[in-house]
Each structure stands twice: as structure tokens, then as C-alpha cells.
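K.L.:
Kindly return the folded structure for what I paste below:
(one chain, ligands or ions: 1)
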Amino acid sequence: MSRKYNFNPGPSTLPLPVLEKVRDELLDYQGTGMSIVESSHRGPEYKQIHERAVDLIGELLELPAGYRVLFLGGGATMQFSMVPLNFLWGERFCSFTVTGAWAKKALGYAHKAGRVELAFDGAADGYTSLPDAAGLEVDSGSAYLHLTSNETIGGLQWQSWPGCGEVPMVCDMSSDILSRPVPAERFGLIYAGAQKNLGPAGVTLVIISPEMLERCNPDLTAYLSYTQQAAKNAPINTPPVFAVYMLELVLEHLKEQGGVQVAEKRSRERADLLYSAIDESGGFYRSPVARDSRSKMNVVFRLPTEELEQKFIAGAAERNMVGLKGHRSVGGLRASIYNAMPVEGASLLADFMRDFAAANG
Ligand code: PMP
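P.N.:
Below is the predicted model:
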């Protein structure tokens, strides 16, 4: 089999050794005579996987004591609802940074649940740059400040974090979690759909501080309440067993590779390769994103015409590189270079970009 270089934005490429391990133990999980997908979620095999995954998240992200790790269903989209439902009860309000399509979506959900103030809105420049984090002003009465650490569609990524006093930060890290170290103690809540850096679709990681757990709306039904989700050590309903199993293997693999420090180094290498090909193309490739806001996970770029963009995508596919079409809402091209993309894949793409520009420029 010739494995493609998969630049899809999510679900996206996963580490080959993880896929091989899943294949090898799919029918018989560690001598149990059953597949893990056939095992009880209350049984010792799954329990061990779940607990190990929680521990690895704590270790890899250096979570402070008392932070809780949950594996929920519903994708990051469910968190767009759960966050405001838990924290915007009574007279409470939150602050938002509107940095692109995903922040806008989260904002729409928060509006339905309560009052929202805008700490930043990038609409004026078409969501192509992020504000100076240090200069961001947040109302001190705010229940939380919402950030989207990486805008998967627009290709923007926060490079530093706002200092917003006592106001806890809530961050959607769906498309860059575990690609770099983060100061976990400064976040009240972090959430991330798994299908980019963590594993397959179907599980959503939620990390919540002990302080935030005490601020949740007490009148929510059990599944929607972070407090109740975190109250017991066991999940309150059937978790996405297969997705958590694969996520645990991805975390083990990341740890073996050297953790988030090594992930960050590789992500810088991949991004440098592609942005250099853009910047050195004499204007053939254009990045719409301000330099200091460029994402190291989703490299968004345009060619001189849409015809050339289509030709580029077809040419890349002939060279085993797929998933490069930009999001349907913005067009253009997007190379998603998550943790599991080999540096060699980015290098191959950068070489193709140079060859293509030379032949078509
Ligand atoms: N936030 C971001 C930054 C995303 O990239 C995505 C999905 N691409 C979502 C939220 C929505 O995630 P899900 O499909 O898991 O609900």
C-alpha cells in the first residue's frame, strides 16, 4: 500500500505506528479473546485505558493538581453550548475574542445562552490578524474570556496568551492541542475535538480547573454539567470507547517521541518549510494572514487564479499529496500539518510548490 501524505484539516492523518497497533489488536485485545470495541466500558480493560489517557493528558500538558480531564461526546461543537450553559447563569456574562469562523460559531452559541462582550473582533480586516495579546482589555467582572487558539479555516494561531487578571481563559484548542506547551494554570477550561492532534473523531477532550468546577450552574442535567461529569471517577454514560482507546495510543506515541517540546519543534520545521515556499515565490503564492498570526497547523494560501489552484491540487494528488483544498467558505488552498504529518511530507509539498511556481509563474 502506498500511504498518502494527508493534509486534510480533520479528521486528519494519524501516526502510522498507532494505526498498525490498532490493526494488530483489533480482534483480540491483549489476549482477552475480544476486541476492545466489544468490551464493557465498566470492565478493567477499558477502565485502565481511560485512566491512563487521563494521566497522559495531565503529564503531557503539565496540568496543575486538581485539574480534571473528561472525555465527552458531541465534538467541540457541544462545548460551544456546554461552556455558556455552565458559566453564564444568573447575571453572569462572558468576553469573547472573535478571530475567525470557529470563534464566530462559538460566539453564536454563547449569545443564545447569555450576555457576551467582545474583547476583540477581527471583522474589520477579514479575520487575517490577531490582536496584541498583552494589550487585550477584558472586563474584570467577566465569567471567562473565550479564545480559539488556532483558527483551522483562516489559518491564524495565537502566539502568546492575554494576561486578563482574575478572569479565567476558556480556550478551544481543537486544532493545535499538544502541538506546543501551554501555561495550563492560566486556563479555566480547555476543550478540543480529537480529530486533529488527538485521535479519531468521536471524543472531545475537556480540561477544567477546580475553581471553574465550583462555578457551574447547579441546575443542569447530569450530562451537561461539568461538575457532575467530574464528580465521579467513572464516566456518567458510555464513553466513546474506541475513540478513547485510539486517543490513548496517540498520547503514548507522543510521549515516546518526546512530548510537546518535540511536537513544537517539528511543527515549526513543517511550517517554516511551507511559509518559506510562499514567501520566496515572488508573489506567486500569497498568504492572507499577517505574519505574526500565522498558524503552524493550517497553512492557508492562494495562487494567482482559481484555475491554477485546481491544477495545483491535481498535480499534488499525482505526487501522493491529498487534502489541500481550502475550506469551501474561503476557497484557496490549505495544508494542515498536524502532529502526525511527517516533516518529510511538508518538505515534499514545499518542493512541489517551488516546481509548480517555476512551471506556471
Ligand atoms: N473548533 C475548531 C477550531 C475546529 O477546527 C472545529 C472543527 N474543525 C470545531 C471547533 C468543531 O469541532 P467538531 O466538529 O468536533 O464539533
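K.L.:
quick one: which helix or strand includes the closest residue to E252 other than its chain neighbours?
P.N.:
Closest residue to E252 apart from its sequence neighbours, by CB to CB, 6 or more residues apart in numbering: L56 at 6.8 Å. Where you see a C-beta, it was placed from the backbone N, CA and C, and this is true even at glycine. In the assignment (DSSP states H and E), L56 maps to helix 44-60.
K.L.:
Alpha carbons of that helix, in PDB - could you do that?
P.N.:
Only the C-alpha atoms of helix 44-60 are listed here, as PDB (Å, rounded to 0.1, in the frame of the first residue of the first chain):
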ATOM      1  CA  PRO A  44     -11.000  -3.500  33.800                       C
ATOM      2  CA  GLU A  45      -9.500  -3.200  30.200                       C
ATOM      3  CA  TYR A  46     -11.300  -0.100  29.200                       C
ATOM      4  CA  LYS A  47     -11.000   1.400  32.700                       C
ATOM      5  CA  GLN A  48      -7.300   1.100  32.500                       C
ATOM      6  CA  ILE A  49      -7.200   2.700  29.100                       C
ATOM      7  CA  HIS A  50      -9.300   5.600  30.200                       C
ATOM      8  CA  GLU A  51      -7.300   6.300  33.400                       C
ATOM      9  CA  ARG A  52      -4.000   6.000  31.500                       C
ATOM     10  CA  ALA A  53      -5.300   8.500  28.900                       C
ATOM     11  CA  VAL A  54      -6.300  11.000  31.700                       C
ATOM     12  CA  ASP A  55      -2.900  10.600  33.300                       C
ATOM     13  CA  LEU A  56      -1.100  11.100  30.000                       C
ATOM     14  CA  ILE A  57      -3.000  14.300  29.300                       C
ATOM     15  CA  GLY A  58      -2.000  15.500  32.700                       C
ATOM     16  CA  GLU A  59       1.600  14.600  32.200                       C
ATOM     17  CA  LEU A  60       2.000  15.900  28.600                       C
END
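K.L.:
and G258, how many neighbours?
P.N.:
Counted with other CB atoms under 10 Å, the neighbours of G258 add up to 12.
K.L.:
where does it land on pLDDT?
P.N.:
pLDDT recorded at G258 is 98.
K.L.:
List the residues that contact it.
P.N.:
Residues near G258 by CB atoms under 8 Å, 6 or more residues apart in numbering: none.
K.L.:
all strands of the chain, in order?
P.N.:
For the chain, the strands defined by DSSP state E occupy 5-6, 68-72, 93-98, 115-121, 145-148, 150-151, 156-157, 169-172, 187-193, 204-208, 298-301, 321-322, 333-336.
K.L.:
any chance of the ones you listed in a markdown table, with distance to the ligand and mean pLDDT too?
P.N.:
Below are these laid out as a markdown table (distance: least, CB to the nearest ligand atom, whole Å; pLDDT from 0 to 100):
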| stretch | distance to the ligand | mean pLDDT |
| --- | --- | --- |
| strand 5-6 | 15 | 98 |
| strand 68-72 | 11 | 97 |
| strand 93-98 | 13 | 98 |
| strand 115-121 | 16 | 97 |
| strand 145-148 | 5 | 98 |
| strand 150-151 | 6 | 98 |
| strand 156-157 | 10 | 98 |
| strand 169-172 | 5 | 98 |
| strand 187-193 | 3 | 98 |
| strand 204-208 | 6 | 98 |
| strand 298-301 | 8 | 98 |
| strand 321-322 | 17 | 98 |
| strand 333-336 | 10 | 98 |
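K.L.:
so which of those gets nearest E307?
P.N.:
strand 333-336 (13.2 Å; CB to CB).
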